[in-house]
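Participant: following is a predicted model, sequence given first.
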Amino acid sequence: MRAGKEKMVKLWLGKIIAALKGYTLENYPFDFTGDNFQRDKSGKTDAAWKLLNGIRTRGLSPRRLLRLILLSPTILLILVRLNINAFVTAYLTRNFYYTLPETKRRSFLMKNIWGGNPGRNWNRALETVYANRNEFRSPREKLISLIRSLDPGLYDGVIELGTGNGWLLNRLSKKMARKRPLTGLDLNEHTILRDRAKYKKNKSLRFLCSDLPTYAKRASLKRKLLISCFVLEFFSHRELIKLCKLLRTNAQNYLAIIERIDSPHKVRQETKPIGGFSYSHDYERIFKKYGIQKMYTHEDTAQNPGSNMNLTALFKTA
C-alpha cells in the first residue's frame, strides 16, 4: 500500500515540478545517481513521505499544494530530501517515454541516456560502489557464480552487453577456470575510453563502443557466452525478440543474465513497463517462443533500490 502511495505522490509532484521548470523528455538533465547513492537512512525521509501522503489524502488540490510549496521553506526542504530528480524522471518516463514510437525510444536511449552524460555519470558513480554496497555487489557475484558453473569447454569467448565501468568483466576474468577473451560492449564512448585506461594491464579484456547487432556484423557470436547485468530490462519487447533472432542466427551460444522483473511471475505480462526506461520481461516465455532453451532460472527479492525481484538465469541456443 505504501509503495503505491509513494508512486502516486512522485508522479503528482513530478508533474508539478516539470510544469514549473518547463522540463520535457528532451531537455531534462536526467541523473540516476541520486536515488541509489543519496538515500537518507535517518528516518527523515519516512517522515516526509507521511507528511506528503497526508496532504494528498486530505484532498488538497495540485494548485493549492503548489501554493503551499512556494510559501513553505519546510516543504521545499522535504522535496529536496526526497530527491526531485526521482519525481521528474518518474513522471517523464511514464507519461512521455513509454508513449514514443519504438524507433524513437531506442534512439532516445542511445543518444540522450546511455550514450550521453547520464550514462557516463552513472558509470563513473558506480566505480566505488561495488566495494562498499552489498546491494550492488551481491547480485553480480551471483551471476559470476552461475557463469562459473557452466562448462568452460562450451564457449570460447565472453561478451558483456552494456559493460559500464567494466567491474563485472574484470572480476569474472580473475575467477574463470580457463582463460578466455572477454569483450565489453557499451554505447558510451567516454565510458569505454575510461575502461581501456583503467584495465590496460588485464590483457584478456577489450572494450568496444558498440551495441550487439553492430558488433555481430563484424564478429561471430557462435560459441560465445553473452552476459547481461541489468541491461536487457532497457530493451523493449520488440528489441528482445530481435536479440532472440540474432542469437538463433549465430547458434550455438549461451546467455547469462540477471535482470529486474515484476512479480508475481505467474501473472506477469510478457513485457510490462516498470519505470525509469525499464521493462519487466517474462524472459523464459519469450525466449522459449523463439527457440532459446532454459538451462537455469532463479528469482529472489531484489536488493537494488526500486526493484521487485531479480531473475538470475542461463539460456542456450542449440
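Facilitator: Looks like it arrived, so ask away.

Participant: what about the longest helix in this protein?
Facilitator: Taking residue count as the measure and DSSP state H as the definition, the longest helix of the chain comes out as helix 2-21.

Participant: output the contacting helices and strands for that one.
Facilitator: Using 3 or more C-beta pairs under 8 Å, 6 or more residues apart in numbering; DSSP states H and E as the contact test, the elements touching helix 2-21 are helix 44-57, helix 62-71, helix 84-95. Glycine gets a C-beta too; all of them are placed from N, C-alpha and C.

Participant: the chain: strands as residue ranges?
Facilitator: Counting by DSSP state E, the chain forms strands over residues 157-161, 182-186, 205-209, 224-229, 253-261, 271-275, 278-281, 293-301, 309-317, given from the N-terminal end onward.

Participant: export those strands to a markdown table and tack on mean pLDDT?
Facilitator: Compiled in a markdown table, the strands of the chain are given as follows (pLDDT from 0 to 100):
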| stretch | mean pLDDT |
| --- | --- |
| strand 157-161 | 98 |
| strand 182-186 | 98 |
| strand 205-209 | 98 |
| strand 224-229 | 98 |
| strand 253-261 | 96 |
| strand 271-275 | 89 |
| strand 278-281 | 93 |
| strand 293-301 | 91 |
| strand 309-317 | 94 |
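
Participant: and Ser220, how many neighbours?
Facilitator: Counted by other C-beta atoms under 10 Å, the residues lying close to Ser220 total 10.

Participant: same question for Val9.
Facilitator: Around Val9 sit 19 other residues, with neighbours defined as other C-beta under 10 Å.

Participant: show me what stretch 188-200 is in contact with.
Facilitator: Around stretch 188-200, the neighbours that count as contacts under C-beta atoms under 8 Å, 6 or more residues apart in numbering are 114-116, 119-120, 123-124, 163-166, 170, 184, 186, 205, 207-209.

Participant: which of those count as buried?
Facilitator: 114-116, 119-120, 123, 163-166, 170, 184, 186, 205, 207-209 (16 or more other C-beta atoms under 10 Å).

Participant: re earlier: the helices and strands packed on helix 2-21: lowest mean pLDDT?
Facilitator: Least confidently modelled of the helices and strands packed on helix 2-21 is helix 44-57, at a mean of 50 by mean pLDDT.

Participant: Phe30 against Ile113, yeah?
Facilitator: Yes: with contact defined as C-beta atoms under 8 Å, Phe30 counts as touching Ile113 (6.4 Å).

Participant: hang on, the earlier thing: for the strands of the chain, which one sits closest to Thr93?
Facilitator: Thr93 sits nearest to strand 271-275 of all the strands of the chain, at 5.9 Å, using C-beta to C-beta.
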